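Undergrad: need a structure here:
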Amino acid sequence: MSHSDKLPGCVAPDRQVSARESWRMFGIMSEFVEATDRLSQIRPAVSVFGSARIPPDHAYYMLAEQIARRLSDAGFSVISGGGPGIMEAANKGAYFGKSPSVGLNIQLPHEQQPNPYQDISHTFHHFFARKVMFVKFAMAYVVLPGGFGTLDELFEALTLVQTGKTRSMPIILVHSPFWNGLLDWLRSALVANGTINPQDLNLLRVIDDPQQVVEAIFDHYEKCGFEPSAAERELLLNL
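TA: Numbering: from 1, shown residues only. So this is what the prediction gives:
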């Protein structure tokens, strides 16, 4: 009995498709190389996240703009997803500040149009390559209200820090009324059922005041220094 007789539902892979998949790997590699080279001079930097659907007259937009401006004036490049909403607000605040405004754009069928407030703009084809760059170059995460994409980035950062796959860094949630429900659920469901340790919640801080966000980042690095140690650099190489 041949292999195909044993597995009648299996179809031999199309060689043309297989070849395209192999060549795609080179495209992914080049995306990592190009982005790393393009962003190598932006440190120290802070990644700012939030909803693409927030209009410019919304309080969340204005809050993100204020935080980004203070971060930029304090010497941090500000990295956002490069799109509209809170991403635009973060880029706008940094654009008119002293440090670079960086947009890591993604090609999407809807919603994502690059905003005009970017000193450095880079577009990705793959979400996972873009996500690596948000972490690789960030010294802190500042997370404003957002949807699935924002939560994805938040829990990606939490997982990497919790598991020691990246250096410890501040992960700051902004606007406590938005985040309190999530934090309550983490305590009542995850901690209560033992799926995370109680101290894992200490990886998160909730801060509402823009200046206190900046001060919290400086306070963290006053203890450990802005320059990564040799071990931390090795971690970042292996993200």
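Undergrad: which residues sit against the longest helix belonging to the chain?
TA: Taking DSSP state H as the criterion, the chain has its longest helix at helix 15-39. Residues outside helix 15-39 that contact it (C-beta atoms under 8 Å, 6 or more residues apart in numbering) are 102, 104, 120, 122, 124-126, 129-130, 132-133, 136-137. The C-beta positions use only the backbone N, C-alpha and C, and glycine is treated the same way.
Undergrad: Among those, name the buried ones.
TA: Buried by 16 or more other C-beta atoms under 10 Å: 102, 104, 120, 122, 124, 129-130, 132-133, 136-137, out of the contacts of helix 15-39.
Undergrad: Tell me which of those fall in helices.
TA: Short answer: the buried ones among the contacts of helix 15-39 in helices (DSSP H) are 129-130, 132-133, 136.
Undergrad: Reformat those as TSV; add pLDDT and distance to P116.
TA: Listed next are these as TSV, based on pLDDT from 0 to 100; distance: C-beta to C-beta, whole Å:
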residue	pLDDT	distance to P116
A129	89	24
R130	91	20
V132	91	26
M133	93	21
K136	90	25
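Undergrad: Nearest to S51 among those residues?
TA: R130 (17.0 Å; C-beta to C-beta).
Undergrad: I'd say the closest one and L104 touch.
TA: Yes. Between R130 and L104 there is a contact under C-beta atoms under 8 Å: 5.3 Å.
Undergrad: mind checking how far Q16 is from P100?
TA: Distance from Q16 to P100, counting by C-beta to C-beta, to the nearest Å: 43 Å.
Undergrad: More neighbours: which of these two?
TA: P100 (19 against 8; other C-beta atoms under 10 Å).
Undergrad: Name the helix or strand of the protein that has the lowest mean pLDDT.
TA: helix 3-6 (a mean of 50; mean pLDDT, DSSP states H and E).
Undergrad: quick one: contacts for the residue nearest the centre of the chain?
TA: With distances taken as C-alpha atoms, centre = their mean, F134 lies nearest the centre of the chain, 4.1 Å away. Neighbour list for F134: 47, 79, 104, 153, 157 [criterion: C-beta under 8 Å, 6+ apart].
Undergrad: Sketch out the helices for the protein, chain order is fine.
TA: 3-6, 15-39, 59-73, 86-95, 127-136, 148-162, 176-185, 210-224, 230-237.
Undergrad: Put the alpha carbons of the fifth one into PDB.
TA: Taking Å, rounded to 0.1, in the frame of the first residue of the first chain, the C-alpha atoms of helix 127-136 are listed here in PDB:
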ATOM      1  CA  PHE A 127       2.600  41.900  12.100                       C
ATOM      2  CA  PHE A 128       5.200  39.700  13.900                       C
ATOM      3  CA  ALA A 129       8.200  41.600  12.500                       C
ATOM      4  CA  ARG A 130       6.600  44.900  13.600                       C
ATOM      5  CA  LYS A 131       5.800  43.600  17.100                       C
ATOM      6  CA  VAL A 132       9.400  42.600  17.600                       C
ATOM      7  CA  MET A 133      10.600  46.200  16.700                       C
ATOM      8  CA  PHE A 134       8.100  47.700  19.200                       C
ATOM      9  CA  VAL A 135       9.800  45.700  22.000                       C
ATOM     10  CA  LYS A 136      13.400  45.600  20.700                       C
END
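Undergrad: Pull the distance from it to the chain's centre.
TA: Relative to the centre of its chain, helix 127-136 is centred 7 Å away, using C-alpha atoms, centre = their mean, to the nearest Å.
Undergrad: Against G147, how distant is the closest residue to L144 other than its chain neighbours?
TA: Leaving aside its chain neighbours, L144 sits nearest to G50 (3.5 Å; criterion: C-beta to C-beta, 6 or more residues apart in numbering). According to C-beta to C-beta, G50 stands 9 Å off from G147.
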